[in-house]
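Chemist: Fold the following.
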Amino acid sequence: MVSSTPAERRKSSNALPPVPDADAAAIESFIDATWAESGLARSSLDSYRRDLEGFARWREGCGGGLAGADRGVLFDYLAWRSRDGYSSRSNARLLSSLRAFFAWRLRRGDRSDDPTTLLEPPKLPRSLPKALAESQIDALLAAPDVESMPGLRDRAMLELMYACGLRVSELVGLPATALNLRQGVLRVMGKGSKERLVPLGEEAQHWLERYLSQSRPALAGKRSVAALFIDGGGAPLSRQQFWQMVKRYAAVAGIDPARVSPHGLRHSFATHLLNRGADLRALQMLLGHSSLSTTQIYTLVAREQLKQLHAKHHPRG
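Modeler: All right, here's what the predicted structure looks like:
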């Protein structure tokens, strides 16, 4: 099992109406089966659960159950959400959760049809990833005070994030054993428990060696810790702590903190590699994208930057 029982969860969320027992049981069976079959991260499974429980509560209020809903009911729910102000992105994620749930019911033989078959996902506005300029990256990486132990750790984290294009969850979740300084590679466990090897680069390797020899032993003290990056108490750093760190150093570097996010370092990694001629397939492997179409968004970023450069500097731009 990957979660508490339905009854325990309902007790801990008294602000929401309870999910009918039959629906709660069906959702838990689906979550457990999905975890066993796909090895999805807990955050993805929690998203599935929230979406399905939200629909089950709405369906109960209208008189009915989740598992037996037909296409018309699903359409009515999506229409209600749209009227109620839910974003297109939220509704698209919901439809993805419903598709996975009813496909599972169909495979088990609990249904003879899939009510999501002809439902179209809402069109999402195209938002391009926001990458920093190379000069801004240089300023951000130079912002930590490397004479202090936390500052040396922070420099190593920022260098590694940018050098390897990591997701924030991947960075803070790294065990010390994931690092191979002799070979100059990092073993990363990405989405769906998919493992990939990413080269470190000389600069990141230099700062990691300094961190491991100076800062990490001082932060860990006599404690034996598995995490690569730790705080002064020997505990792994959280995503929130790293987020605050990036914002703080952005201000030190003279960059508007509102324009900088931890994920922006990943976007910058991809954009800068592509600008310097990296192959799209190689970039897909480095980023850990399961689909090349996800990686191709960075070609649009590079194209947009070229258009802006042309408009700014060409005499007839």
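
Chemist: quick one: low-confidence parts of the protein?
Modeler: 1-16, 63, 123-129, 290-317 (pLDDT under 70).

Chemist: Okay, strands next: where are they in this structure?
Modeler: Taking DSSP state E as the test, the strands found in the chain are 179-180, 185-189, 195-199.

Chemist: Next, report how far the shortest one is displaced from the centre of its chain.
Modeler: Put plainly, it is strand 179-180. Its chain's C-alpha centre and that of strand 179-180 lie 23 Å apart, by CA atoms, centre = their mean, to the nearest Å.

Chemist: what residues does that strand touch?
Modeler: Defining contact as CB atoms under 8 Å, 6 or more residues apart in numbering, one finds that strand 179-180 is touched by 186, 187, 208, 212, 228. For the C-beta atoms, the positions are set from N, CA and C on the backbone; glycine is no exception.

Chemist: what sits against residue 238?
Modeler: For residue 238, the contact set (CB under 8 Å, 6+ apart) comprises residue 172.

Chemist: can you check the one 5 residues further on too?
Modeler: Each residue near residue 243 by CB under 8 Å, 6+ apart is listed here: 168, 261, 262.

Chemist: Please apply the same query to residue 53.
Modeler: 19, 23, 24, 27.

Chemist: how close does it get to residue 66?
Modeler: In this view, residue 53 and residue 66 are 9 Å apart by CB to CB, to the nearest Å.

Chemist: joint contacts of these two?
Modeler: By CB under 8 Å, 6+ apart, residue 53 and residue 66 have these common neighbours: 23, 27.

Chemist: which residues touch stretch 34-49?
Modeler: 2-3, 27, 30-31, 93, 97, 100-101, 104, 169, 191-193.

Chemist: can we see that at 6 Å?
Modeler: Stretch 34-49 is contacted by residues 2, 31, 97, 192, 193 when judged by CB atoms under 6 Å, 6 or more residues apart in numbering.

Chemist: and the third one, how many neighbours does it have?
Modeler: In this case it means residue 97. Residues contacting residue 97 under the criterion other CB atoms under 10 Å number 20.

Chemist: need the contact list for it.
Modeler: 48, 51, 52 are the contacts of residue 97 under CB under 6 Å, 6+ apart.

Chemist: nearest to residue 234, of those?
Modeler: Nearest to residue 234 among the contacts of residue 97: residue 48, at 33.9 Å, using CB to CB.

Chemist: Report the separation between the closest one and residue 149.
Modeler: According to CB to CB, residue 48 stands 41 Å off from residue 149.

Chemist: which one of those two has more residues nearby?
Modeler: Taking neighbours as other CB under 10 Å, residue 48 and residue 149 compare with residue 48 leading, 22 against 17.

Chemist: could you measure that one against residue 104, distance?
Modeler: 10 Å.

Chemist: Throw the strands of the chain into TSV and include distance to residue 118 and mean neighbour count, thanks.
Modeler: Output for the strands of the chain, formatted as TSV (distance: least, CB to CB, whole Å; neighbours: other CB atoms under 10 Å):
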stretch	distance to residue 118	mean neighbour count
strand 179-180	49	16
strand 185-189	37	19
strand 195-199	36	15
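
Chemist: Any chance of the ones you listed in JSON lines with distance to residue 242 as columns?
Modeler: As requested, those are exported to JSON lines (distance: least, CB to CB, whole Å):
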{"stretch": "strand 179-180", "distance to residue 242": "17"}
{"stretch": "strand 185-189", "distance to residue 242": "16"}
{"stretch": "strand 195-199", "distance to residue 242": "18"}
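
Chemist: mind checking which of the ones you listed is nearest residue 61?
Modeler: strand 185-189 (40.5 Å).

Chemist: Need the CA coordinates for that closest one. CSV is fine.
Modeler: What follows is strand 185-189, C-alpha atoms only, in CSV (Å, rounded to 0.1, in the frame of the first residue of the first chain):
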residue,chain,number,x,y,z
VAL,A,185,29.0,11.6,-13.8
LEU,A,186,25.9,11.8,-11.8
ARG,A,187,23.3,9.1,-11.5
VAL,A,188,19.8,10.7,-11.4
MET,A,189,16.5,9.0,-10.5
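
Chemist: Now for residue 72, how many residues are close by?
Modeler: The local packing of residue 72 (other CB under 10 Å) involves 9 other residues.

Chemist: Next: residue 200.
Modeler: Neighbours of residue 200 under the rule other CB under 10 Å: 21.
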